[in-house]
Every structure is written in C-alpha cells, then in structure tokens.
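# After the sequence you'll find the predicted model.
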Amino acid sequence: MNPRFHELKVADVRRETEDTVSVAFEVPADLAEAYQYKPGQYLTLREEIKGEDVRRSYSICSGANENELRVAIKKVTDGRFSTYANEILKEGDELKVMTPIGGFTTEFDKNTSKSYVFFAAGSGITPVISLIKSILHTSPNSDVTLIYGNKGIESVIFREELENLKNEFMDNFSLLHVFSREKIGNSLQDGRLDEDRILKIYHALLEGQEIDEVFVCGPEPIIYAVKDAFGKLGFEKNKVHFELFTTPGEKDANKSKVQHRDQGPRIDANVKVILDGEETLLDLDSDGDSILEAAQKAGADVPFSCKGGVCCTCKAKVLEGTAKMDVNYALEDDEVEDGYILTCQAHPTSDELIVSFDD
Ligand code: FES
C-alpha cells in the first residue's frame with residue numbers, strides 16, 4: 001500500500017526543550033492499521049502555511065511498546081513548518097499526516113539476542129529513541145549502547161526519558177553523552193562526534209564486545225564519521241544503518257560525499273510510472289525534470305516530502321531500463337543495487353524506463 005495522507009487530530013503538543021516539541025496524534029480505529037509503524041520510521045506532515053503547501057517529514061519518537069503515535073519537531077532557523085509546530089500548533093488542531101514509512105529500522109522480537117550501538121546527534125535522537133525503547137521493552141536478551149552528541153546538557157532532547165530508561169534497564173542500556181560546548185570532566189565526552197572521537201569511544205567502551213548492528217542518525221559529517229570509523233574496525237558495511245537529518249543548505253555543502261548523476265549523453269526517454277496499479281506515460285529528457293516532477297505535472301498523485309534526496313518518501317523501483325540520481329542521502333547501497341531510486345532525484349538513462357511505486 002502506498003503512503004496516503006489523512007487528516008488527524010493533534011492529541012497533545014509537549015515541550016521537550018526550548019526549541020523542540022513533540023506532537024502526538026489521535027488515530028481513529030478505522031485507520032489504526034494504516035498508522036501501524038516500525039520503530040525508526042517517520043511521518044510526513046502537510047499544512048498550508050501562508051498560502052503555501054508545506055510538507056515536512058519528522059521521525060516517530062514513540063516506541064512500539066507505547067500505544068501512541070508521536071513525532072518530535074525541532075525548530076530550525078527560517079523553518080516554516082517547524083516554527084509553526086513550535087509556536088502555533090495546539091491540541092485539537094488537525095493536520096494532514098502521511099501513513100508511516102522509512103527504512104531506518106530493524107527486525108527484533110522477544111527471542112532476539114543482539115548487541116546494538118546507536119550514535120545520534122541533536123534531533124537525530126528522534127528515530128533512535130523509538131528504536132531503543134522498542135528493543136529494550138521487546139528483547140530482554142539484547143543490549144543497547146547510545147552515544148548521543150549535543151552542544152550541552154540543555155539541548156539534550158528526551159533527557160529525562162533517557163535517564164529513566166537507564167534506571168529501568170540498568171543491565172541492558174548504556175548511555176554516553178558527548179558535548180561539543182560544555183565540559184563535564186571526562187575528555188571522552190568533550191568535543192564533536194568525529195571519527196577520531198568515535199574510535200576513542202569504541203576502544204574505551206566497546207572493544208571486545210560483539211556488536212551486531214550500528215545505527216547512526218544526524219547530520220552528514222557524523223554519518224560518514226561512524227561509517228568510516230566502523231569501516232576501519234573491519235565492521236561489515238551493511239550492518240551500519242543511517243538516517244540523515246539535515247537542515248536546508250547543509251546538504252548542498254556536502255554534496256561531494258554522495259552519489260551524483262553521470263554526465264552521459266542526453267536521452268529522450270519513454271518513461272512509464274506505475275502508482276496504485278495506474279500507469280502514467282511520460283516523455284522525459286534525461287537532463288530535464290526529475291521523474292517525480294514529471295509525474296506530478298502529468299497529474300499523478302506521487303508521494304513526496306523533501307524533494308532533496310533526504311527523506312525517502314518518493315522511493316520507487318526501476319522495473320525496466322536504467323536511471324541515475326543527482327543525489328542520494330537516503331537509500332542504502334543494497335537498496336540501490338536492488339533497483340530502488342529516489343524519484344525526486346532520478347532521471348532516465350535508457351530510452352525505455354519503467355518505474356513502480358507499488359513494488
Ligand atoms: S521527496 Fe524526499 S527523497 Fe525524494
């Protein structure tokens with residue numbers, strides 16, 4: 001089932017820090033199944049703000065063990081939606097909320113016995129806390145280590161909740177705060193979460209431990225720092241899961257690190273887009289609109305949010321032909337190998353191309 005928007009009522013807006021709120025939604029019984037989520041997934045919210053249709057994606061921060069659908073929204077400079085959510089949104093308001101999606105998750109159950117290591121920076125804690133709570137409550141034989149980077153203690157989102165988890169799961173949950181602008185006496189915890197510090201933390205706390213999966217969520221530098229550090233430690237690439245949290249502009253500054261479209265010969269392609277079993281045919285120039293834009297112009301109600309290659313909402317599968325993406329901040333290597341593309345970033349590189357949102 002492709003993601004769909006429904007109007008949901010805001011059940012509660014809770015202040016988490018000076019610049020972050022969390023927002024819970026009421027889910028009517030007939031939509032309960034559609035809004036079932038996996039920990040680590042996200043919701044795309046949509047609202048008309050000052051006459052403009054604004055969509056933003058926010059990770060779910062509630063856990064699978066909680067009977068709640070809640071996202072955290074950190075106010076960013078000039079962020080229209082995040083400012084609206086932090087300053088205006090209130091209990092009882094209605095918002096268009098897309099059904100949950102996202103691949104920053106993992107399978108576990110009561111019989112799972114794994115060792116998980118999480119790295120989060122700033123609001124990157126949001127999907128991470130959802131995963132951590134869910135693992136701790138569901139898999140008593142698993143253990144979790146969280147290394148959480150912030151400017152200082154006041155900017156720690158979910159501070160109290162994390163402390164409570166530490167107390168409740170003393171034997172299974174370890175937490176290390178790292179502060180870039182505040183000193184707390186331990187040199188391991190002072191500074192940025194760069195590759196050097198990650199390796200130091202590994203040697204001090206994790207060496208000798210059998211780590212099954214690593215998760216990292218935050219801006220691009222921390223994602224590469226964790227990937228590079230664990231690559232050097234000989235850790236398998238596909239065991240490091242990542243979710244990019246970025247603010248507009250940041251991703252452009254870091255473009256060199258991600259996949260780019262090859263400058264091949266220009267192609268006029270016949271593109272077929274399949275969505276909910278319906279086919280839309282497009283004449284598409286390889287140097288022109290993205291597949292998503294072209295499909296939208298042709299009237300298809302394609303799912304999207306960021307249009308910047310970050311959120312993954314526009315993910316679809318190439319069934320025939322080839323396509324290249326301008327940037328990809330969201331798909332894992334194995335997903336790309338399996339033929340998945342971000343349609344907001346994708347352009348045809350073969351004369352005939354079939355792309356499906358249904359696969
Ligand atoms: S719409 Fe967000 S990655 Fe394409």
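Cool, got the structure.
# Give me the buried positions along stretch 30-41.
Using 16 or more other C-beta atoms under 10 Å as the test for burial, stretch 30-41 gives 31, 35, 37, 38, 39, 40, 41. No exception for glycine: its C-beta is placed from N, CA and C like everyone else's.
# Correction: the previous question concerned stretch 108-120.
Buried residues in stretch 108-120 (16+ other C-beta under 10 Å): 108, 112, 114, 115, 116, 117, 118, 119, 120.
# Next: stretch 186-206.
Neighbour-count burial for stretch 186-206, counted by 16+ other C-beta under 10 Å, picks out 189, 191, 192, 193, 194, 195, 197, 198, 199, 201, 202, 206.
# Tell me which entries of the buried residues of stretch 108-120 lie within strands.
Among the buried residues of stretch 108-120, the members falling in strands (DSSP state E) are 115, 116, 117, 118, 119, 120.
# Which member of those residues is positioned nearest residue 359?
Closest approach between those and residue 359, by C-beta to C-beta: residue 116, at 29.3 Å.
# which residues in the stretch 51-200 of the chain form strands?
52-59, 70-74, 94-98, 115-121, 143-150, 173-179 (DSSP state E, counting those that start in this stretch).
# What is the second one packed up against?
In this case it means strand 70-74. strand 20-26, strand 42-49, strand 52-59, helix 80-87, helix 125-138 (3 or more C-beta pairs under 8 Å, 6 or more residues apart in numbering; DSSP states H and E).
# which one of these lies closest to residue 213?
helix 125-138 (9.9 Å).
# what is the mean pLDDT for that closest one?
On average, the pLDDT along helix 125-138 is 97.
# For the ligand, what's its nearest residue on the stretch 1-150 of the chain.
residue 57 (7.1 Å; C-beta to the nearest ligand atom).
# isn't that residue right next to residue 307, touching?
No - Residue 57 is beyond contact range of residue 307, at 11.0 Å (criterion: C-beta atoms under 8 Å).
# Just want to know which of the two has more residues nearby.
Applying other C-beta atoms under 10 Å to residue 57 and residue 307 shows that residue 57 carries more neighbours, namely 20 against 17.
# Kindly state the beta-bridge partners for that one.
Beta-bridge partners recorded for residue 57 (DSSP bridges): residue 44.
# so who does it touch?
Residue 57 makes contacts with 42, 43, 44, 45, 305, 306, 311, 313, as judged by C-beta atoms under 8 Å, 6 or more residues apart in numbering.
# which two in the residues you listed are spaced the farthest apart?
Greatest spatial distance in the contacts of residue 57: 43 and 306, 13.2 Å, computed using C-beta to C-beta.
# Kindly list the longest strand within this structure.
Among the segments of the chain that qualify as a strand by DSSP E, the longest is strand 5-17.
# what helices or strands is that one leaning on?
So strand 5-17, by 3+ C-beta pairs under 8 Å, 6+ apart, packs with strand 20-26, strand 94-98.
# who touches the first one?
By C-beta under 8 Å, 6+ apart, the residues outside strand 20-26 that reach it are 8-16, 35, 61-62, 68-75, 85-86, 89, 95, 97, 123, 157.
# What's the mean pLDDT across it?
Predicted confidence along strand 20-26 averages 97 (mean pLDDT).
# likewise stretch 33-50?
Mean pLDDT, stretch 33-50: 94.
# pull the CA atoms of that stretch into CSV?
Output of stretch 33-50 as CSV, limited to C-alpha atoms (Å, rounded to 0.1, in the frame of the first residue of the first chain):
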residue,chain,number,x,y,z
GLU,A,33,-3.8,-0.5,10.8
ALA,A,34,-2.7,2.2,8.3
TYR,A,35,-0.7,4.0,11.0
GLN,A,36,1.0,1.0,12.5
TYR,A,37,4.6,1.8,12.4
LYS,A,38,8.0,0.2,12.8
PRO,A,39,10.3,1.9,15.3
GLY,A,40,12.6,4.3,13.4
GLN,A,41,10.0,5.2,10.7
TYR,A,42,8.7,8.7,10.1
LEU,A,43,5.6,10.7,9.2
THR,A,44,5.3,13.4,6.6
LEU,A,45,3.1,16.3,7.8
ARG,A,46,1.4,18.7,5.4
GLU,A,47,-0.2,22.0,6.1
GLU,A,48,-1.0,25.2,4.2
ILE,A,49,1.1,27.9,5.7
LYS,A,50,0.7,31.5,4.4
